[in-house]
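Q: model the structure of this input:
(one chain, ligands or ions: 1)
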Amino acid sequence: MSVNNISMLDTMRSRQSIRTFDTEAISEEHFKQINNYIEEEQNFVSPFGLRGYIELIPVVNNVTDKGIKLGTYGFIKNPRAYLVGMTENNKDAIVQFGYVFQKLVIFLTQLGIGTCWMGGTFNRNSFEKEISLKEGQFIPCVTPIGYPKEKQRVFDKALRFVVKADNKKAWDKLFFDANFESPLVKEVADTLQIPIEMVRLGPSASNKQPWRLVLSKDRQFCHFYIEHTPNYSKSFGYDMQLLDMGIAMCQFELACSELMIYGEWLKENPALAVPNNEIEYIVSWKFW
Ligand SMILES: Cc1cc2nc3c(=O)[nH]c(=O)nc-3n(C[C@H](O)[C@H](O)[C@H](O)COP(=O)(O)O)c2cc1C
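A: Modelled structure (predicted):
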């Protein structure tokens, strides 16, 4: 899936949420590539099956061809289109859709197109008017797209400051060795250092970074847990942080595949003792 032979690792390292876009239109060639991407069923296959849909909606001044204004409460400036995600509102579907949507985000980043995952700061009603929501589906996330503007607005910088976007948690807060009592030391992680680091660099809702990874003692598994932020998702009507877990899976897997580290996703809860009730098991990567 790599575009123009750009390294996935470099792409993941350079990606940042973009909220201010250049006024330049997206090129026809790029529109074609994006359309091809979202029409390809293969791109919606998550580790546990086929997940969701994505619709592309071009906009000018945030207004669609149908004349509908897509509201983002002033968070997004000069988007040239939106990509709108749709899936079912249950745990498995949301995690898996996070994985699918992050693959799209990486693909766009490789094209030089800016993205900003959005689960909260957009007007769902206006987006629902524009797309054809299928029975049983809802919109877990959207991203505006366009070419990044060199100079970001003061608003963008202030927002990055408020959500501490550049403050990614340190290894010892996120990654553990055999159990939740022992932090995982980078050097001990050996070949897994890079895939684990890619999880750390991923985007997450309000930059809460809820992922917690435990590398098993025998080094056969890397277990993925979520530490829910208390009360975070209540007002949204779905557990937005589950998307972050799918993002972590995507970042980890893309790094492994570039580094030729082979394995597969399994749900095999190791039933480890957890330090608090907010921590929940999601999935494991089993090394071959
Ligand atoms: C699931 C999810 C939902 C998000 N929702 C919003 C949002 O509603 N509005 C917004 O401005 N940013 C949103 N973000 C972007 C995060 O604030 C951003 O990823 C985080 O601050 C880290 O910054 P970075 O993406 O530049 O690494 C969301 C990110 C994720 C993964």
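
Q: contact partners for V163?
A: Taking CB atoms under 8 Å, 6 or more residues apart in numbering, we find V163 in contact with S206, N207. The way it works is simple: take the backbone N, C-alpha and C, and place the C-beta from them, glycine included.

Q: go on, the one 10 residues further on?
A: The contact partners of K173, taken as CB under 8 Å, 6+ apart, number zero.

Q: okay, it: pLDDT?
A: pLDDT recorded at K173 is 97.

Q: tell me which element it falls in.
A: helix 171-174 (DSSP states H and E).

Q: the helix or strand that that helix is followed by packs against which elements?
A: Proceeding N to C from helix 171-174, the next assigned helix or strand is strand 175-177, under DSSP H and E. In terms of contacts (3 or more CB pairs under 8 Å, 6 or more residues apart in numbering; DSSP states H and E), strand 175-177 is packed against strand 211-215.

Q: so for the strand it packs on, mean pLDDT?
A: On average, strand 211-215 scores 98.

Q: okay, now the unreliable bits of the chain?
A: 1 (pLDDT under 70).

Q: where do the helices sit along the stretch 51-200 of the chain?
A: 91-111, 124-130, 154-162, 171-174, 186-189, 193-201 (DSSP state H, counting those that start in this stretch).

Q: may I see the buried residues of the third one?
A: It refers to helix 154-162. The neighbour-count check on helix 154-162 (16 or more other CB atoms under 10 Å) flags D156, L159, R160 as buried.

Q: what do you get for the fifth one?
A: Within helix 186-189, the residues that count as buried by 16+ other CB under 10 Å are A189.

Q: re the thing from before, how about JSON lines for the buried residues of helix 154-162, with distance to the ligand added?
A: Below are the buried residues of helix 154-162 laid out as JSON lines (distance: CB to the nearest ligand atom, whole Å):
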{"residue": "D156", "distance to the ligand": "9"}
{"residue": "L159", "distance to the ligand": "6"}
{"residue": "R160", "distance to the ligand": "7"}
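
Q: around the ligand, which positions in the stretch 151-288 of the chain sit nearby?
A: Residues of the stretch 151-288 of the chain lying close to the ligand by CB under 6 Å from any ligand atom are V163, A165, P203, S204, A205, S206, N207, M240, L243, D244, I247.

Q: report the contact partners of the residue nearest to the third one when sequence neighbours are not counted.
A: In space, not counting the residues next to it along the chain, P203 is nearest to W117; the distance is 5.2 Å by CB to CB, 6 or more residues apart in numbering. W117 makes contacts with S17, F101, V105, C141, T143, P203, A205, L243, I247, as judged by CB under 8 Å, 6+ apart.
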